[in-house]
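[1] Take a look and give me a structure for this.
(2 chains)
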Amino acid sequence: MGSAITGVMSVITDILFRAAIPVLSLVAAAGCASADGGSAVELLNVSYDPTRELWRDLNERFTASYRKETGTTVRIKQSHAGSSTQARAVIDGLGADVVTLASYLDTQAISDKGLIAPGWIDRLPDRALPYFSTVVFVVRKGNPKGIADWPDLAKPGVEVITPNPKTSGNGYLSLFAAWGSVVLRGGTREDAIAYVTKLYAQVPVLDSGARGAATTFVQKELGDVHIAWENEAHLEVAQSRGELELVVPPISIRAEPHVAVVDANVDRKGTRGAAEAYLRFAYTDEAQELLAKHYYRPGNAAILKKHAATFPELRLFAITEIAKDFRDAHKQLVAEGGVFDAIYKPR
Amino acid sequence: MPAETKKLRVEIRPRPAREDPPWVRRLAIAATLAIVALLIVIPVVNVFSEALADGIGAYWANLTRDDDTLHAIKLTFTVLPFALVLNVLFGVAAAYAISRFEFPGRAVLTALIDLPFSVSPVVTGLMFVLIFGLQGYLGPALRDDGHALLAYPVALLLVAVLAVAYAIVRPRNRRARRGLWKLHPALVVAGGGAAVFALAVAAQRALGVWPSGKSLEVIFAVPGLILVTSFVTAPFVARELIPVMDAIGPEEELAAVSLGASGWQMFWHVTLPNVKWGLVYGVILCTARAMGEFGAAYVVSGHIAGQTDTMPLRIEKLFQEYNLPGSFAVASLLTLVALATLVVKARLGREQARRAKGTP
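    Predicted structure coming up:
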């Protein structure tokens, strides 16, 4: 029996010993980080899901250019998840130096809690938008249902894949786009309600997120048309090996993923200089070219024109054309008791 | 009395399977096998086949070439030992208290131990956000002066250590007590604890152990991951130990004490050896669960690649990036660890059975 106890004890001391190594290395790492903090800065970019590769590329370029200019080495950490989840995390104390979220609503929610100074939207060029995007259609090879414009989605026999506007930013942007396609072409509110009623009646599965909708359309091969962000649509088509095609409708919504420096955090950490330089870098020609490469529409008009083949011209309407602002549109169309609640009947 | 025992034995003897008609036996076996295959074997095999879809070279590269993945693996093995140590301490203490003492609130404590099992991990994460988040109770203080606050938990730890030390070495002779110590010993102990706490805090302040004005990150950092992982796995060790301690009963311990063993000697030489298999089982289950924790970790991690992503979070992220082979490579690693813990558990079970036969 005695040897069994020593056996157990040696296992426990072994575990404790093993625990000590990472703890010590953590402590050591913390010590080092504070020791050479002089010429190295660490930034945390809190962003939404599909922008991982984009920011990875941009970070590499920015780090090199910033080192050349200032001699300071910047290490940029990335955090990605759903846009609203991320906004909530920053509000709850995630130490983001900059936020690059999918929607104005999310950035404004952080500002409402006092972490980003009011007026943030005017502190960077182009209303704090280094790039923008829109929602377009992905259809199956040869476009068998002949889909070219929003009214085609409501034709009988067309199945539409789009995520739930209640739970997905992608979902409500698609709803806004569909709504605007009616009211901005002279339709009345009743016409728009009739249209989105028909549209959502043709959605076989209302996935909760963009990723789920993409899986439904691509892997499960359900539906005839997938309403997706332009950059994701391009990736989807590129990966399909010719099985899918992109259709850009004549009108769609302007998606505005604003960027902002989180004032409360950069002032506390003393990283304001690097954080502002980082976001301003996204407006340089080098960064704008990179944005185009990742299928985001560059804010710089000249560079956008250069890539006209990738980004066909269409009428991009601002949210202010269909509502007072994003919050108002969300309240009218998506929130509890809004249009979507009235028109959508789950199958 | 013997006749009664015999009768009882007959009643509870299970009916041998060979008494059932063959079709019942075959159907039961087939149904079990089918369910096991469908729910367990096929998904597990699928994890490995997806992970190895691009060949063993690509599999290895997926695991070792990606810095974020490597960091996630390291982080999981950093969080794990903390959770284990905390839960062994908590589990042994809780099980001992519940199975050996009658005290007010015992039933409540027993129920509370199970709470982490019944609370959804997501809720657990949100609870910690509510406590440590910037909009929560401690968040603003932690952000403004977090390091200085560390003086309090350190002082509390000191008090706890001294309390345990006192419990171990305390003199048995009550007659030696005088004055207040004789009239209200509980008051003296509580007052002493408070005094030690206050002194320890004051001493740390005076010596400037902790820098002031430095913020401390609890959630969206490694400490938060350790906290939630410890919370969700808290019941495992206690749950394994309580029935074992109940079954063994206090007789051997009482015998030890009556033969002059001190509290510590009794615990170390009698209690612990008796429950060691329960303890080992608890640790094994705790390991498997701690490594796989997703929901609570998802809420408090902050998703910073190469910093606060544990293995399950990394799997999800790779999956979201459409990197299926990478995602399944990490998943296969977690599955392997889970399978390994099961093998160890089975072996220990056999070992235990063998020893039990050897020393009836």
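[2] how about the nearest residue to residue 277, chain neighbours excluded?
    In the absence of a named chain, chain A is used. In space, A:Ala277 comes closest to A:Tyr66 once its chain neighbours are excluded; the distance is 6.1 Å by C-beta to C-beta, 6 or more residues apart in numbering or on different chains. All C-beta atoms are positioned from the backbone trio N, CA, C, and that covers glycine.
[3] Let me rephrase: I mean chain B.
    Residue nearest to B:Trp277 in three dimensions, not counting chain neighbours: B:Gln352, with 5.0 Å by C-beta to C-beta, 6+ apart.
[4] Looking at the residue in the stretch 201-347 of chain A that chain B sits nearest to now. What's its pLDDT?
    With distances taken as C-beta to the nearest C-beta, the stretch 201-347 of chain A approaches chain B most closely at A:Arg211, which sits 5.9 Å away. Turning to A:Arg211, the model gives it a pLDDT of 78.
[5] give me the number of residues near it?
    Burial measure for A:Arg211: 20 neighbouring residues, criterion other C-beta atoms under 10 Å in any protein chain shown.
[6] separation between the residue nearest to A:Ala277 and chain B?
    19 Å (C-beta to the nearest C-beta, to the nearest Å).
[7] hang on, isn't that residue packed against A:Thr72?
    Yes: A:Tyr66 is in contact with A:Thr72 according to C-beta atoms under 8 Å; the separation is 6.4 Å.
[8] the more surrounded of these two?
    A:Tyr66 (20 against 15).
[9] residues from the stretch 101-250 of chain B in reach of chain A?
    By C-beta under 8 Å from any C-beta of the partner chain, the part of the stretch 101-250 of chain B that sits against chain A consists of B:129, B:132-136, B:139, B:143, B:215, B:217, B:219-220, B:222.
[10] Turn those residues into a markdown table, columns for neighbour count and pLDDT.
    Putting these into a markdown table (neighbours: other C-beta atoms under 10 Å in any protein chain shown; pLDDT from 0 to 100) gives the following:
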| residue | neighbour count | pLDDT |
| --- | --- | --- |
| B:Val129 | 24 | 93 |
| B:Phe132 | 27 | 91 |
| B:Gly133 | 25 | 88 |
| B:Leu134 | 22 | 88 |
| B:Gln135 | 13 | 88 |
| B:Gly136 | 18 | 85 |
| B:Gly139 | 21 | 82 |
| B:Arg143 | 18 | 83 |
| B:Ser215 | 17 | 82 |
| B:Glu217 | 18 | 86 |
| B:Ile219 | 30 | 87 |
| B:Phe220 | 30 | 93 |
| B:Val222 | 19 | 92 |
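[11] what's the farthest-apart pair in those?
    B:Gln135 and B:Val222 (21.3 Å; C-beta to C-beta).
[12] on that earlier part again, where's the residue nearest to B:Trp277, which helix or strand?
    Here B:Gln352 sits within helix B:324-358, counting by DSSP states H and E.
[13] Packing partners of that helix?
    Contacting helix B:324-358 under the criterion 3 or more C-beta pairs under 8 Å, 6 or more residues apart in numbering or on different chains; DSSP states H and E are the following elements: helix B:42-51, helix B:56-64, helix B:67-100, helix B:272-292, helix B:311-320.
[14] Which of those helices sits closest to B:Val188?
    B:Val188 lies closest to helix B:67-100 among the helices and strands packed on helix B:324-358, at 21.9 Å (C-beta to C-beta).
[15] Which other helices and strands does that closest one contact?
    The criterion is 3+ C-beta pairs under 8 Å, 6+ apart, and the helices and strands that helix B:67-100 contacts are helix A:2-35, helix B:56-64, helix B:106-118, helix B:222-233, helix B:235-248, helix B:272-292, helix B:311-320, helix B:324-358.
[16] one step back: correct me, but the residue of the stretch 201-347 of chain A closest to chain B touches A:Tyr48?
    No: A:Arg211 lies out of contact with A:Tyr48 (C-beta under 8 Å); the separation is 11.7 Å.
[17] Can you give me the pLDDT of the residue nearest to B:Trp277?
    Per-residue pLDDT puts B:Gln352 at 77.
[18] circling back: give me the common contacts of A:Tyr66 and A:Thr72.
    Counting by C-beta atoms under 8 Å, 6 or more residues apart in numbering or on different chains, the residues touching both A:Tyr66 and A:Thr72 are A:Ala274.
[19] and A:Gly223, what element?
    In this structure, A:Gly223 is located outside every helix and strand according to DSSP H and E.
[20] if I pick B:Ala194, what's in contact with it?
    If you count contacts by C-beta under 8 Å, 6+ apart, then B:Ala194 has nothing around it.
[21] Same check on A:Ala148?
    When contacts are counted by C-beta under 8 Å, 6+ apart, A:Ala148 is found next to A:Val247, A:Pro249.
[22] just B:Met127 next, same as before
    Under the criterion of C-beta under 8 Å, 6+ apart, the neighbours of B:Met127 are B:Val119.
[23] could you redo the last one with a cut-off of 7 Å?
    Contact criterion C-beta atoms under 7 Å, 6 or more residues apart in numbering or on different chains gives no residues in contact with B:Met127.
[24] Where does B:Thr308 sit: helix, strand or coil?
    Of the three states, B:Thr308 takes coil under DSSP: H, G, I helix; E, B strand; the rest coil.
[25] Backbone dihedrals for A:Lys145, both of them.
    The phi and psi torsions at A:Lys145 (degrees, to the nearest 10) take the values phi -90, psi 0.
[26] Hmm, A:Glu159 and it touching each other?
    No: the pair formed by A:Lys145 and A:Glu159 falls short of the contact definition of C-beta atoms under 7 Å, at 8.9 Å.
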